[in-house]
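Chemist: requesting a structural model of the entry that follows:
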Amino acid sequence: MCFGGSQPQAPQIQYQGPSQADIDANQASLDQYKAQMTQQQSLFQSQLQTQIDSANKETERLKTQYDQEAGAAAAAAAAQQTGAYAVTATQSEATTAQTTAATPKKEKPKSNLRISLAGTPSSAGSGLNIGV
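Modeler: Residues are numbered from 1 along each chain as shown. Below you'll find the predicted structure:
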């Protein structure tokens, strides 16, 4: 059996991919993106720190205002408490004597209501409309 008699040859390797110019362009684009992101993050951090500092100052101002108002309210409540115990009452004599008189009786008009007894037998309660 004969296999052809020739010696095997090594395969030929050829690199087929992006060129060095493409690799350099991609690296430059990545470096530019990294620089832009670093700049944006730095700007965002400074803006955020400014907002945090502003909020902290406002919080301190509100806390001071609240403490002042609470102190004023406590002082007012204490003043009301002391003022309530310091109230005194005085009594003076009446200048005129008070008298009472009998109330006059009212004159009532005479009633003109008449109950007709016609057509009813004369017995107790006749002519009255009493609901039972």
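
Chemist: helix, strand, or coil at A101?
Modeler: Here A101 is recorded as coil under DSSP: H, G, I helix; E, B strand; the rest coil.

Chemist: what about it, how many residues nearby?
Modeler: Using other Cβ atoms under 10 Å, the number of residues around A101 comes to 5. Every residue, glycine included, has its C-beta placed from N, CA and C.

Chemist: how much space separates it from E107?
Modeler: Shown here: A101 relative to E107, a distance of 18 Å by Cβ to Cβ, to the nearest Å.

Chemist: got it, and L30?
Modeler: 117 Å.

Chemist: the more surrounded of the two?
Modeler: Each of L30 and E107 has its neighbours counted (other Cβ under 10 Å); L30 has more, 10 against 5.

Chemist: what about K105, is that helix, strand or coil?
Modeler: For K105, the assignment made with three-state DSSP gives coil.

Chemist: and T103, how close does it get to T96?
Modeler: On the measure of Cβ to Cβ, T103 and T96 end up 21 Å apart.

Chemist: helices along the protein, start to end?
Modeler: Using DSSP state H, the helices of the chain run over 20-86.

Chemist: so, low pLDDT: which residues of it?
Modeler: Along the chain, segments meeting pLDDT under 70 span 1-5, 82-88, 115-132.

Chemist: fine by me, thanks again.
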